[in-house]
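In: below are the sequence and a predicted model; questions follow.
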Amino acid sequence: MSYFEKHVFICCNQRAEGEGCCNNFGASELLAYMKDRVKALGLAGEGRIRVNKSGCLGRCDDGPVIVVYPEETWYTFVDREDIDEIIDEHMVGGRVVQRLKI
């Protein structure tokens, strides 16, 4: 059995100037927002949800990107509303957010 029900990785990779990467789209700020919201909702911790910063996940052209395990669901996002939808629909409701799925 897994230590966490869901493990979320958000790419916050920063490449050299001029090269595309997730962090150019505010991934680090949205990571902090997602971690805070998951904690505020009481969803964080053992047996629950873990949100982690990740290095490059290899999908720069789709960025910024999130991958949720164990479902292996990949998302792109642009703002807090997208993060809220992923939390509310996928993490809480168990439904994949089709409009953000890669």
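Out: Here it is on my side, so go on.

In: can you tell me which residue is nearest the centre of this protein?
Out: Ile66 (3.6 Å; Cα atoms, centre = their mean).

In: just to check, that residue is in contact with Phe9?
Out: Yes - using Cβ atoms under 8 Å, Ile66 is in contact with Phe9, at 6.9 Å. Just so you know, the C-beta spots here come from the backbone N, C-alpha and C atoms, and that holds for glycine as well.

In: excluding chain neighbours, what is closest to the residue nearest to the centre of the chain?
Out: Tyr75 (4.6 Å; Cβ to Cβ, 6 or more residues apart in numbering).

In: any chance you could map the strands in the chain?
Out: All strands of the chain, identified by DSSP state E, fall at 6-11, 49-54, 65-69, 73-76.

In: so what touches the last one?
Out: Contacting residues not belonging to strand 73-76 are listed as 59, 62-68, 82, 86, 90, 96-97, 100-102 [Cβ atoms under 8 Å, 6 or more residues apart in numbering].

In: which of those residues are buried? Put it as a ChimeraX command.
Out: Entered in ChimeraX, the line below selects the buried ones among the contacts of strand 73-76, by 16 or more other Cβ atoms under 10 Å:
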select :63,64,65,66,67,68,82,86,90,97,100
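
In: what's the lowest-pLDDT member of the contacts of strand 73-76?
Out: When the contacts of strand 73-76 are compared by pLDDT, Gly63 scores lowest at 80.

In: so what's that residue up against?
Out: Cys11, Gly20, Cys21, Cys22, Asn24, Phe25, Ala27, Thr76.

In: for Tyr3, same thing?
Out: The contact partners of Tyr3, by Cβ under 8 Å, 6+ apart, come to Glu46, Gly47.

In: look up how far Leu57 lies from it.
Out: Separation of Tyr3 from Leu57 (Cβ to Cβ, to the nearest Å): 21 Å.

In: so which of the contacts of strand 73-76 is the closest to Glu46?
Out: Val68 (17.7 Å; Cβ to Cβ).
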